[in-house]
Every structure is written in structure tokens, then in C-alpha cells.
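1. mind folding the following:
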Amino acid sequence: MAAYDDTKDLAATGITPVVDSHGDVESQPDNTKYDTLVDVNTGLYDGVHRGMEQRHLQMYALAGTLGTGLFLTSGKAISHGGPAGALLAYITMGAIIFSMNVCLGEMATYAPISGGYLHFAERWLHPSVGFALGWQGVLGGCVSNASEVVAAAILISFWDTNFSTAHQVGYIIALIVVCGVINFLGVRWFGESEFWFALIKIALIVGLILAGLIVDLGGGPNHDRIGFRYWKDPGAFNAYVVPGSTGKFLGWFANLITAAYSFSGIEFIGMAAAEVKNPRVSIPKAVRRLFIRLTLFYVLGILIVGMLVPSNDPKLLQSTGTAASSPFVLAFSRAGIKVLPSIINAAVLTSAISACSTGIFNSSRKLYGLALRGQGPSIFARTTAKGLPWVAVSFVSFWMLLAFLSLSDGSNAALEWLSNITTLASFINWMAIAATFIRFKKGLEAQGIDRKSLHYYSSLQPFHAWFCLIALSIIVFFSGWKVFIHGHWSAPSFVSNYLNLPFFFVLMAGYALFKRDPWLRPDQLDFFSNIPTDDEVAYEEPPPKNAFMKVVNYVFT
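-> Down below sits the predicted model:
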């Protein structure tokens, strides 16, 4: 392995060279074709390759996020909070997520390395935080992936008039194979599949929004001009659990949690930083555009459904797991349009497959990053010659077999319970990202590094970080408020809302007590080891091969 012999070459790229105690520049691989780096603590190669294109990254988190939260469960938000309450909840949560995304984008652009926000927490907050985030994410992801396989099998049953256990077994096997193969083909094909999954969902939601607007204005088969009729009767806000203004506030607050789950996975973009081409250009674009697209789709989607369906319609709360429970199907059925269920079910099926595939990618990269930093077995840091962390992918894929628990009523209940426990993980991830950024900013200031010289920064920091951290802390603390209302106690709900947080702190405290790593002062934080230079990650996108791809690249890059 050859070392850089001239620090000026490193400084010219915008990254200050790291010099060890002997005055030598830290050694790095001589061949930077694949941007491989060596972890300074473990000596392990970061062997993943940058095979994900900019358009893939733009759609990666979108494909895993835009799905059941909008197509199936948004009806519950309108029923609980009313059309205005649901709309305000999604706008509020959108603002919180935007703040988190700004924090993540700045750090990931500066350090596009394996482990993403887990590595940032380990490096700039404390190693115990990175450890807890990583293992909570890996274990939770393994359970969630199995749940997504079960959800996809239920969606397929929508078309199966002779559905049986044998059929369900076949569907589960087929789905496990499909999701596994997508990930074993490598990051390029994974990115390509997510791109087309996202494209299908974008086409559907744009079509639903436009069709909904036409129906609302009287263009449906019954020519009924609805406008904002249902915002007046039964009303813009619904009282939830308790009557009056307090109930309306609780309806809005309950919808904050529903909206947050809809945005769950938007942080995945940070996990792909080490495998995307030209990350210091691609990541800032993806961070900005992903948030705008998601917010527009969710806000406009909720607005349209709230205009077409009264919030007191009991069908908004039905839960079949298929398109039959979609508020969009209900909205258009009320207008006399009956052809949508199969179309929406197909789109939601791609969402479930995409969510499982994305979950495997995300969890395996977390596991790979943990191994690379010495916080997991080193065997999980092994990669193929083409940069696939095959051991980590194999381990995570294996746990999709938990989907077979759904064949037994008791085991299925256990799987659902485990899945519900992991749902709080996204909140913890977002809070950790905001807290890490606060330390990141303080460290840069203490070491005299001007954030304005970075490729991506926000002039509103640290406002974004503090707003995100404080708002999410309040939401997490009161997430299980309903069980404390007289007559609404539910042990499973209490556990699913609050068990994840102590589990995270147990992991964190256990690692901290075992390793006894010191808390570093801001001026001691490491901003240079293993950070690739601009030259190492620069990449010029080839011109599109045909007119169609030219349009695709124009719209999605």
C-alpha cells in the first residue's frame, strides 16, 4: 500500500491531510479507482464500490418511503384529526424532517463514507451512540424486512380468489428470492430497481392527485362539485379520544406520529453515501429534491383525500392490508369510479417489495459499517471483488425467513409485536442525526474550519438541528399518550411505544461501560481520517444513451 508523499496534493483537494505522531501522512490505498479506504482503528479495507448513479440516489429513499403510508394508512390520519388536522400534521412533520435532512446532508456530503450517520455518531458524538444505533437498526431491520414480505404476500392475495396457506408459502418464498436477488446483484442493479419502483409510484400518485382534483371540481361520473364541502360538514378538525378543543389538539398530535411513520426511511440516503458516484454533488441535490418531492406528494395527497372523503366515514379506518383499505379507492368509489383497486394494489405491492429490498440494503450496510469500525464481527466487513458486502447481505437476508411465522396465528402475533417495537427506531435515528450535527458544527468551529468552505451547508444551523431534536424529543416522550387516558390502557401499545428507547440506552450504556471510550472535546474530534478527497470521488456522468434516458436524467438528476 503506497502512501501519499506530498501533503500539498491532499490539501489541493480541499481536505487537510492527516499526519501521524511520526510526521508521516496516513497511508491510503494506491489504487483509488474504487475509492477504497482503510479504517484507521481496525485496519480493514472499505471495499464497497461507487456504483450508484445520481438518478438512483434521487429515487432510492423515495422508493422506500413513498408507499403504504400514503396509499393505505393516510385515511386513519383524516379520521383521527380531520382533513385540516391531518394536513397540518404532515406539514409540521415535513418541517421537522426537512431540518433533519439538512443536518444529514451536510455531514454526508463532507464525509461520504461507509456507515453513514452511524459512523458520524460514532466519530463526532460518542462510539457508544454509533454502536447502539447500528445494532438497533440491524436487529430492527431484520424483523421489519420479514414483516414487509408478509405484507407483500397479503397484497398478492388480493387477486387470489383461492388463497390458502400453501399459496401464502409460495408467495413468501418468491418474495424472499426476489428481494434477495436484487441485493446480491450489487449496488448498481439495486439502484436501478429502486429507480423504477419509485417511478411507478410517482406516476400513480401524480395521476391520483390530478384525477382527484378533477373529481373534486365536478368532473367525475356523477358531476358532483365537492370543493371543500367536507371541511364544513363534518368539519376541518376532528376530536380524538376526548371531546372539544383538547380532542382536536390530540387528533393533530396523533397524526404527527402517523406522518412520521410515513416519512420513515428518508434517512436511508445517508447509508448510500459510500456507494454513490460523485457524492459531493449527488447528495446535496438528493437531500433537497427528495424532501420537496415527498412533502409535495404527501401534502397534496392528504389534501385531495380530505376533500373527497368526509372524515366521519367509517371506511377510513378499515384495515385489510390491500388496496381495499386505501382512502383513494374509497374517494373514487364515492365518485362512481370503480377501476382503481387493482392498479393501487399493484403499486402498493411494488412499495412493499421496494421497502424490503431497501431494508436489506440499509441493514446490511449498517452491519458492514459496524464491522468496519470494530463494533461487530470482522467477517461482516468482507466484500466481493465488485464491492458487495456479501456476508452482511447474506446475514440480513437470512432473517427474511421470519416471514414464515405469519403462517401460525400465535407466531404471527409475535412477529407483529416485534415489528411494532422497532417502529420507534426512525425517531431515534433522526434525533441522533440532529445531536451529532450539533457536535459536528462545534467541532468544526473549535478547529477553525469554516463551514462556508464545505460543498454543502445551511446558514440556518444550528436552528435546524435544535428544532429537530427538541420537537422529536417531545413527540417520542408523549408518543404513547393514549394508553394513559382512562379506559384506553393497552399493554402492547405501551410496550411498542416505549420499549425501543430503553433498549437503545441499554445498548449504549453496555458498550460505554465495556469500552470506556472518553467523551472528546470539540477540538479533539476527527474530521480527516478516512475522508475521501474530492479527486477520489469525482465522477462525470456519461451522456444518456437515448432520448428517453435524456428526459429521465433531466427530470431526476
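2. correct me, but Ala260 touches Ala95?
-> No - the criterion here is CB atoms under 8 Å, and Ala260 misses it with Ala95 at 12.0 Å. For every residue, glycine as well, the C-beta is placed using N, CA and C.
3. of these two, give the one with the bigger neighbour count.
-> Ala260 (25 against 15; other CB atoms under 10 Å).
4. what helix or strand does the more buried one sit in?
-> Using DSSP states H and E, Ala260 maps to helix 244-263.
5. elements contacting whatever helix or strand comes next after that helix?
-> Sequence-wise, the next helix or strand downstream of helix 244-263 (DSSP H and E) is helix 279-308. Secondary-structure packing of helix 279-308 (3 or more CB pairs under 8 Å, 6 or more residues apart in numbering; DSSP states H and E): helix 54-65, helix 68-71, helix 74-110, helix 187-216, helix 229-230, helix 244-263, helix 327-334, helix 534-537.
6. what is the mean pLDDT for helix 279-308?
-> Helix 279-308 shows a mean pLDDT of 83.
7. cool, and stretch 340-350?
-> 81.
8. distance from the chain centre to that stretch, please.
-> 22 Å (CA atoms, centre = their mean, to the nearest Å).
9. so how far is stretch 344-352 from its chain's centroid?
-> 18 Å.
10. sorry, back to before: what are the buried residues along the helix holding Ala260?
-> 247-263 (16 or more other CB atoms under 10 Å).
11. and Ile343, which of the helices and strands packed on helix 279-308 is closest to it?
-> helix 187-216 (7.1 Å; CB to CB).
12. so what's the gap between that closest one and the chain middle?
-> The chain centre lies 17 Å from the centre of helix 187-216; the measure is CA atoms, centre = their mean.
13. quick one: that helix to helix 327-334, angle?
-> 30 degrees (axes from the mean of the first three to the mean of the last three CA atoms, to 10 degrees).
14. what's the spacing between Val483 and Phe427?
-> The gap separating Val483 from Phe427 is 17 Å, by CB to CB, to the nearest Å.
15. for those two, work out which one has more neighbours and name it.
-> It is Phe427, of Val483 and Phe427, that has more neighbours when counted by other CB under 10 Å, with 20 against 15.
16. quick one: average pLDDT of whatever helix or strand Gly141 lives in?
-> Using DSSP H and E, Gly141 maps to helix 127-156. Throughout helix 127-156, pLDDT has a mean value of 88.
17. same for it, what does it pack against?
-> Contacts defined by 3+ CB pairs under 8 Å, 6+ apart place helix 127-156 against helix 116-124, helix 165-184, helix 340-372, helix 390-398, helix 409-421, helix 425-446, helix 500-515.
18. hmm, who's touching stretch 128-139?
-> For stretch 128-139, contacts defined as CB atoms under 8 Å, 6 or more residues apart in numbering pick out 115, 117-123, 362-363, 366-367, 369-370, 373, 375-376, 396, 422, 425, 428-429, 432, 435-436, 500, 503-505, 507-509, 511-512, 515, 517.
19. what of stretch 326-345?
-> Applying CB under 8 Å, 6+ apart, the contact partners of stretch 326-345 are 71-72, 74-75, 78, 155, 158-159, 204, 208, 211-212, 215, 220-222, 224, 301, 304-305, 308-309, 313, 315-316, 322-324, 348.
20. ok, 6 Å please
-> 71-72, 74-75, 155, 158, 208, 215, 220-222, 305, 308-309, 315-316, 322-323 (CB atoms under 6 Å, 6 or more residues apart in numbering).
21. for the residues you listed, which ChimeraX command selects only the ones that are buried?
-> The ChimeraX selection below is limited to those of those classed as buried (16+ other CB under 10 Å):
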select :71,72,74,75,155,158,208,215,220,305,308,309,316,322,323
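22. low-confidence ranges in the stretch 351-500 of the chain?
-> Where the stretch 351-500 of the chain drops to pLDDT under 70, the residues are 409-423.
23. measure the nearest residue to Ile304 once chain neighbours are set aside to Val309 for me?
-> Once flanking residues are discounted, Ile304 sits nearest to Gly212: 3.7 Å by CB to CB, 6 or more residues apart in numbering. Separation of Gly212 from Val309 (CB to CB): 10 Å.
24. same question for Leu444.
-> Distance of Leu444 to Val309, computed by CB to CB: 49 Å.
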